[in-house]
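1. Here is the input, now give the coordinates:
(one chain, ligands or ions: 1)
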Amino acid sequence: MTDLLETRAIGQDLVRRDGEAKVRGTAPYAFEADVDTPAYCHPVQATVARGRITSIDTSATEAVEGVLTVLTNLGAERLAKTDDAELAILQDDAIAFRGQLIGVVVADTSETARQAADLVRVEYEESEFDVELSADRDDLYKPEKINPSYPTDTAQGDVDAAMAAAAVTVEQTYTTAMNHNNPIEPHTTTALWDASGAGTLTLWDSTQSVHGVRRVISGVFGIDPEQVHVICPYIGGGFGSKGTPHANVVLAAMAARAVPGRAVRLALTRQQMFFLAGYRTPTIQRMQLGADRDGRLSAIALDVVEQTSRIKEFAEQTGMPTRTMYAAPNRRTTHRLAALDVPVPSWMRAPGECPGMFGPEVAMDELAEALGIDPIDLRLRNEPDVDPDSGKPWSSRLLVRCLQEGAERFGWSERGAGRQRDGQWLVGTGMACSIYPVYRQAKSTVTIRFEDGRYVAEIGAADLGTGAWTVLPQITADALGVPVEHVEARIGDTRYPFATVAGGSSGTSTWGTAAVEAAKAFREKFGTDPADGDETDGEVGTAAKDDEHAAFAFGAQFAEARVNVDTGEIRVPRLLGVFDVGRIINPRLARSQLIGGMTMGLSMALHENSVMDPRLGQVVNHDLADYHVAANADVGDIEAVWLDVPDPYANAMGSKGIGEIGITGTAAAVSNAVHHATGVRVRDLPITLDKVLAELP
Ligand code: MOS
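-> Sure thing, here's the model as predicted:
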């Protein structure tokens, strides 16, 4: 249905257009916005997990030289919109989680603000709190939908009957840890109200969506969206934690309004990010597989328990991949939530698909073992002809090719039946599959203008390090039929047309579609010899939309694990991913996304674990010293390859998203490799040495 573009720039291995500015340190980030004599602010956070503030004494804070103002619930402005409890800060005395924002100090320097914030004296009336997730709580509830708007539960056939009749079954519970996003650039904002404090608000904010920040913040402050100008040319990573504005953005805007005409900078500290930037919920995954002796699945079910905050619901869509991955006539997925006195969970790279490909893909490995079938063969035998969930044909599903090519490249056939030993190291290999939906958002606009002999493409999109600065010119150039050097992109500013969030791996697909529409409209209107100033828009909505097919990206991931027989130390010297991600717009940037996702998956597999202390009601390892993210020494040889077969239905470029698929399935591949190496089945992430040590030979 979509015409694939004549590709010349698309597919080229172009370097990042923003690379040089970033490497030289000249690319301005939100905290570095060029403003006159900025003030700085530092948040005050609740030190109890639940209760209410009975008194706040700011006298010592106000006495510090250089302090401009202190805001608390007593004096802060009343916000216009308070329905989003995460954002309704400083509005009353209630404390809903430890670390909640309860004040802010604005001062001439960041050091002064921080020191003075320490001097705020707060007394509380504490209440009982509850931060412990478990599957046997009696207050688990069924959310109305799961993120962003999928059905909470699905059912086909009769899983219980099929399980009872199955020749072989796997029934196990798997858990994934709470994980926190740790982009290198913290959540930062520079905020400036015009001198009246009533007119326009300028926000230099580290965000995946300048238009999203405009919409939300204008609503919270009750002003016209046009009065909020959001600027974000560069982002030092987000992974979803900057996909929606969190309370820090509201706090920065409130602080700046208290000193109108003066810009105020706010950068969350690394520790504060563990309370305020969203996080991935821990999940408890009750998994059931039933199959005949040949490995044909008759039943597949996943019942998920996870947490949300008592003040705001976020329901991770952990069961989504199970709805789609494999054929089986009897199937069920359910999601139940515990509402706890904890910070609000949110997006983290592949919310749903990432944790949701752990339990099921380890369960498949367990089933293969029980049947004595190779885990790749087991998957080949359960390849669905159509999407089992929607019944629609696939736009393209080249998972079988990914599995075959991956097996060949990885040397899967040389895999021994049991564990191998290399000195003090037990060595094994494992595999798992990857999946991520292909999203194209409905709304986004590109303006193309002919200016000074070249084409300018403007859109209020964001490049969170993924490559939008570079790939949008590639797509636009091909759609216009001109060399890529003749196209300049302008993004990261609400002065440019509306764009959806850089999230859900949908940016390139969505904005690229708008660029293609704009190019077509431009050529129709002005031909191939335009005059300076000729300009026209293109919108996603005008492009043909395919609703007849189920569109997903797929992949096969392979891992080698080495486990020290004396210490239990786990190393992963080798990861390989083979992906069906449609046409690749830019191989250099695609590789970076895919190996980045796999690295984050490795990190989830072995390291990342936000430890909730139920006595305190907080994550206690809330810094990068104690919350370990995979570093160079943890990462071996990571290779990502792709089939580069265009998807004929996804969009005009034939591309699928690549930002998130790389993290899905990695942890299962690692766990399966650890099992192959040691015989120990680790069903709880992360796979730390204490979980294997006792059972090593
Ligand atoms: Mo990503 S979690 O969709 O920003």
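2. and the residue of the stretch 451-600 of the chain found nearest the ligand, what does it touch?
-> Of all residues in the stretch 451-600 of the chain, G503 sits closest to the ligand, at 3.3 Å by C-beta to the nearest ligand atom. Backbone N, C-alpha and C define where each C-beta goes, glycine included. G503 is in contact with 208-209, 240, 243, 347, counting by C-beta atoms under 8 Å, 6 or more residues apart in numbering.
3. Next SSE downstream of the least confident helix or strand in the chain by mean pLDDT?
-> For the chain, the helix or strand with the lowest mean confidence is strand 420-422, at a mean of 92 (criterion: mean pLDDT, DSSP states H and E). Toward the C-terminal end, the helix or strand that comes next after strand 420-422 (DSSP states H and E) is strand 425-437.
4. interface residues of the stretch 401-550 of the chain facing the ligand?
-> Near the ligand, the residues belonging to the stretch 401-550 of the chain are 503-504 when assessed by C-beta under 6 Å from any ligand atom.
5. repeat that with 8 Å
-> With C-beta under 8 Å from any ligand atom as the criterion, the stretch 401-550 of the chain meets the ligand at residues 464, 501-506.
6. What remains of the contacts of G503 if I keep only buried residues?
-> Buried by 16 or more other C-beta atoms under 10 Å: 208-209, 240, 243, 347, out of these.
7. who touches R591 in this structure?
-> Remark: with contacts taken as C-beta under 8 Å, 6+ apart, R591 is in contact with A640.
8. Please save the CA atoms from the host helix or strand of it in PDB.
-> Applying DSSP H and E as the criterion places R591 in helix 587-606. In PDB, the C-alpha atoms belonging to helix 587-606 read as follows (Å, rounded to 0.1, in the frame of the first residue of the first chain):
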ATOM      1  CA  PRO A 587      23.400   1.700   9.400                       C
ATOM      2  CA  ARG A 588      25.800   3.600  11.600                       C
ATOM      3  CA  LEU A 589      23.100   5.000  13.800                       C
ATOM      4  CA  ALA A 590      21.000   1.800  13.700                       C
ATOM      5  CA  ARG A 591      23.900  -0.300  15.000                       C
ATOM      6  CA  SER A 592      24.300   2.200  17.800                       C
ATOM      7  CA  GLN A 593      20.600   1.800  18.800                       C
ATOM      8  CA  LEU A 594      20.600  -1.900  18.600                       C
ATOM      9  CA  ILE A 595      23.800  -2.600  20.500                       C
ATOM     10  CA  GLY A 596      22.800   0.100  23.000                       C
ATOM     11  CA  GLY A 597      19.500  -1.700  23.600                       C
ATOM     12  CA  MET A 598      21.300  -5.000  24.000                       C
ATOM     13  CA  THR A 599      23.800  -3.500  26.400                       C
ATOM     14  CA  MET A 600      21.000  -2.200  28.500                       C
ATOM     15  CA  GLY A 601      19.400  -5.700  28.300                       C
ATOM     16  CA  LEU A 602      22.700  -7.200  29.500                       C
ATOM     17  CA  SER A 603      22.700  -4.600  32.300                       C
ATOM     18  CA  MET A 604      19.200  -5.600  33.300                       C
ATOM     19  CA  ALA A 605      20.200  -9.300  33.200                       C
ATOM     20  CA  LEU A 606      23.200  -9.000  35.400                       C
END
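9. if we can go back for a sec, of the buried ones among the contacts of G503, closest to the ligand?
-> Lowest distance from the ligand to the buried ones among the contacts of G503 (C-beta to the nearest ligand atom) belongs to G240, with 2.5 Å.
10. Could you look up the SS state of that closest one?
-> The three-state label for G240, taken from DSSP: H, G, I helix; E, B strand; the rest coil, comes out as coil.
11. Ok, A407 next?
-> Assigned state for A407: helix (three-state reduction, three-state DSSP).
12. Name the nearest residue to it, ignoring sequence neighbours.
-> Closest residue in space to A407, ignoring its immediate chain neighbours: I376 at 5.8 Å, by C-beta to C-beta, 6 or more residues apart in numbering.
13. Counting by contacts, list what the one helix or strand G577 maps to packs against.
-> Element membership of G577 [criterion: DSSP H and E] is strand 570-580. The contact analysis (3 or more C-beta pairs under 8 Å, 6 or more residues apart in numbering; DSSP states H and E) places strand 570-580 against helix 399-410, strand 425-437, strand 552-564, helix 587-606, strand 637-642, helix 666-678.
14. Can you name the next helix or strand after the longest one?
-> Right, the one you point to is helix 587-606. Past helix 587-606, heading to the C-terminal end, the next element that is a helix or strand (DSSP H and E) is strand 612-613.
15. Centre of the chain to that next one, how far?
-> Chain-centre distance of strand 612-613: 23 Å, with C-alpha atoms, centre = their mean, to the nearest Å.
16. quick one: strands adjacent to the helix or strand following that strand?
-> Heading C-terminal from strand 612-613, the first helix or strand you meet, by DSSP H and E, is strand 618-619. Take DSSP bridges as the rule and strand 618-619 pairs in its sheet with strand 612-613 (antiparallel).
17. Give me the contact list for the strand it pairs with.
-> Residues from elsewhere that reach strand 612-613 (C-beta under 8 Å, 6+ apart): 131-132, 178, 342, 618-620.
18. Now, of these, which are buried?
-> Buried subset of those (neighbour count, 16+ other C-beta under 10 Å): 131, 178, 342, 618-619.
19. Quick check: G199 touching D224?
-> No. Here G199 lies out of contact with D224, judged by C-beta atoms under 8 Å, at a distance of 10.1 Å.
20. neighbour-wise, which of the two wins?
-> For G199 versus D224, the count of surrounding residues by other C-beta atoms under 10 Å is larger for G199: 11 against 8.
21. Work out for me the element the more buried one sits within.
-> When secondary structure is defined by DSSP H and E, G199 falls outside every helix and strand.
22. now it: how far from the ligand?
-> Distance check for G199 against the ligand: by C-beta to the nearest ligand atom, to the nearest Å, it reads 32 Å.
23. now P151
-> 20 Å.
24. Let me see the contact set for the closest residue to that residue other than its chain neighbours.
-> Nearest residue to P151, sequence neighbours excluded (C-beta to C-beta, 6+ apart): K145, at 6.8 Å. Contact analysis of K145 by C-beta under 8 Å, 6+ apart lists 151-152, 315.
25. what number of residues lie near T188?
-> 24.
26. I figured it was touching D205, is that so?
-> Yes. With contact defined as C-beta under 8 Å, T188 counts as touching D205 (7.5 Å).
27. any residues in contact with both of those two?
-> Applying C-beta under 8 Å, 6+ apart, one finds that T188 and D205 are jointly contacted by A30.
28. Okay, now the unreliable bits of this protein?
-> Counting by pLDDT under 70, the chain shows low-confidence ranges at 1-3, 197, 417-418.
29. How about the residues of it by the ligand?
-> Remark: the part of the chain in contact with the ligand comprises 208, 238-243, 347-351, 464, 501-506, 659-660, using C-beta under 8 Å from any ligand atom.
30. Fine by me, thanks again.
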